[in-house]
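Q: the sequence and its predicted three-dimensional model are supplied below.
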Amino acid sequence: ELGWEQARAAGKALRNAVLPKGARVHFIVSPYVRTVETFHGIVSAWCDPSEFYGGDRKKRQKAWYQRLHEMGLSWHEDPRIREQDFGNFQDPILIKKSKRERHKFGSFYYRFPHGESASDVFDRVSTFLDSLWRSFGSQQSRYYIMVTHGVAIRVLMARYFRYSVDQFHVLSNPRNCEMVLLEHDGFGKLRFAGRCELLEEEQQQQQQDEEASFLDSNKKKKKKTVVMGYRFHKRLRGIPPQHYPRRKPARLSYDEEFTTEETTAAAVAAANNGDHHQQQQPHYTEGLGSGGSTGYSNSLYF
């Protein structure tokens, strides 16, 4: 239930605060079930599928999709923006062991058994970006929204803005239905415009305890997470500096030696050796602010 509320809140924010009124929007969706359902939750802000009831489900879905098309929305699935593959059959014990190894080895190059590394995702995302850029030329009046996954978003940012591997390592995965905004700069390139993070609040909910109600009608409290809206940030989400991966610096000569402190300092220096929007801690401001489109075509939202 919470996931559907998050997706619908994302759709409302996009429609009412980010996109211009009446914009033609094209969604590119990862084919996984959870991302297709997120897409359905987002577009329900344009037209709620509950408006179509009765009869065959396929007919209702077709009627809903047709209404969305009439409202200027289009979409297609692309497996190149699917989540990083962690293996065909994910054994929980093996996955925990692999994640510990990944932390030591480095998340960009570590390949899960029968799965992928972030470097592998980088390769397929590169071909996707080539295709996306060609579509910009033929559909210059559209806004693009990608419904994808955490690692895929980080890799897309790293690929397009040419982040180093060290810079990739200090980026944190976006949270559920968090949006990363890119906009056209008017000169043929995209620029980072900010990110929008869901605001949520835990509220106490009274729930009747069955056994207690039978004996003395006592009630116990249960917390429920409620979606409150979005907050705009000028920076990408990053991990705290104390969690930066250790990095051995490249030597200037064969006899150069490094201490542990110098290795850690090198990781921090490498991570900070980039554009300001990549590495600094999030700057909080109220509302969506400048995160919306500036009016240029081909803006891109994750």
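A: Sure thing, it's come through. Numbers count the residues shown, from 1 in each chain.
Q: check what pLDDT the residue lying closest to Thr148 once chain neighbours are set aside gets.
A: Excluding the flanking residues, the one nearest Thr148 by Cβ to Cβ, 6 or more residues apart in numbering is Ile81, at 4.4 Å. (Glycine included, C-beta is placed from N, CA and C.) Ile81 carries a pLDDT value of 96.
Q: surely Ile81 meets Met146?
A: Yes - with contact defined as Cβ atoms under 8 Å, Ile81 reaches Met146; the gap is 6.2 Å.
Q: so what sits against both of the two?
A: Taking Cβ atoms under 8 Å, 6 or more residues apart in numbering as the contact rule, Ile81 and Met146 both touch Ile28, Leu156.
Q: which of the two has more residues huddled nearby?
A: Ile81 (27 against 23; other Cβ atoms under 10 Å).
Q: ok, longest strand in this structure?
A: The longest strand of the chain (DSSP state E) is strand 190-208.
Q: return the list of strands paired to that strand, each annotated with direction.
A: Strand 190-208 pairs in its sheet with strand 179-184 (antiparallel), strand 219-233 (antiparallel), by DSSP bridges.
Q: output the lowest mean pLDDT helix or strand found in this structure.
A: Lowest by mean pLDDT, DSSP states H and E among the helices and strands of the chain is strand 284-285, with a mean of 29.
Q: re earlier: lowest average pLDDT across the strands paired with strand 190-208?
A: Between the strands paired with strand 190-208, the lowest average pLDDT goes to strand 219-233, which shows a mean of 80.
Q: show me which residues of it are buried.
A: Within strand 219-233, the residues that count as buried by 16 or more other Cβ atoms under 10 Å are Val227, Tyr230, Arg231, Phe232, His233.
Q: quick one: stretch 61-72 to chain centroid distance?
A: Put simply, stretch 61-72 sits 25 Å off its chain's centre (Cα atoms, centre = their mean, to the nearest Å).
Q: burial count for the nearest residue in space to Pro31 that is not next to it in sequence?
A: Residue nearest to Pro31 in three dimensions, not counting chain neighbours: Glu77, with 4.4 Å by Cβ to Cβ, 6+ apart. Counted with other Cβ under 10 Å, residues neighbouring Glu77 total 16.
Q: so Glu77 makes contact with Ser30?
A: Yes - between Glu77 and Ser30 there is a contact under Cβ under 8 Å: 7.2 Å.
Q: and for Gly11, nearest residue in space, chain neighbours not counted?
A: Excluding its sequence neighbours, the residue lying closest to Gly11 (Cβ to Cβ, 6+ apart) is Ala45, at 3.0 Å.
Q: then Arg124?
A: Nearest residue to Arg124 in three dimensions, chain neighbours excluded: Arg80, at 4.7 Å (Cβ to Cβ, 6+ apart).
Q: could you pull out the helices in the stretch 1-150 of the chain for me?
A: 2-13, 33-43, 57-70, 92-105, 118-138, 150-161 (DSSP state H, counting those that start in this stretch).
Q: that concludes my questions; thank you for your assistance.
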